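> for reference, the sequence and a predicted model appear below.
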Amino acid sequence: MTPEEAAAEEAEALATVEAELGSCGTWSTWTNTGTTSCGATTSCGYYWVCEPYAKEGDPESLVGGGGIEGAAPSCPLGQTARRYNYRGRFNQQSSYRVCFNEAGTYTHTEYQYQNIFNTCSC
């Protein structure tokens with residue numbers, strides 16, 4: 001079975017299970033879970049690094065001290081300019097809704113999560 005066929009089969013099974021349920025309430029408001037993460041984000045700007053072809057970057061090769069620079073730097077022969085986004089902090093938020101069967105009996109609670117940008121640097 002191809003990955004596409006497996007995904008289609010899984011989606012069909014999920015749709016059947018959801019159709020058998022009575023209903024779910026509305027989603028609650030988003031609330032912070034207390035979990036944070038740190039990752040590269042375009043919201044915080046970027047910097048350029050000259051890197052040898054097909055090799056890991058060297059922090060000492062940072063060109064221009066970082067910052068938002070419009071054009072890629074000119075790199076030495078055998079290297080290429082690579083753009084990296086600065087890191088930012090994200091807050092995880094959650095929301096939930098309660099679901100019931102046709103008889104009005106509680107069946108389960110569904111949760112959804114999202115990460116919201118908080119601030120630059122970690």
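In hand now; what should we look at?

> once you drop chain neighbours, what's closest to the residue of the chain positioned farthest from its centre?
Going by CA atoms, centre = their mean, the residue of the chain most distant from its centre is residue 103, 38.0 Å out. Excluding the flanking residues, the one nearest residue 103 by CB to CB, 6 or more residues apart in numbering is residue 22, at 7.4 Å. Every residue, glycine included, has its C-beta placed from N, CA and C.

> related to what we said a few turns ago, in which helix or strand would I find the residue farthest from the centre of the chain?
Using DSSP states H and E, residue 103 is not contained in any helix or strand.

> what's the pLDDT at it?
Per-residue pLDDT puts residue 103 at 88.

> from residue 97, how far out is it?
Here the criterion is CB to CB, to the nearest Å. By it, residue 103 lies 18 Å from residue 97.

> before we move on, back to that, which ones are touching the residue nearest to residue 103?
Contact analysis of residue 22 by CB atoms under 8 Å, 6 or more residues apart in numbering lists 99, 100, 101, 102, 103, 104, 107.

> residue 116 now?
Residue 116 neighbours (CB under 8 Å, 6+ apart): 30, 90, 91, 92, 93.

> which one (most neighbours) among the residues you listed?
Neighbour counts for the contacts of residue 116, by other CB atoms under 10 Å, peak at residue 90, which reaches 20 neighbours.
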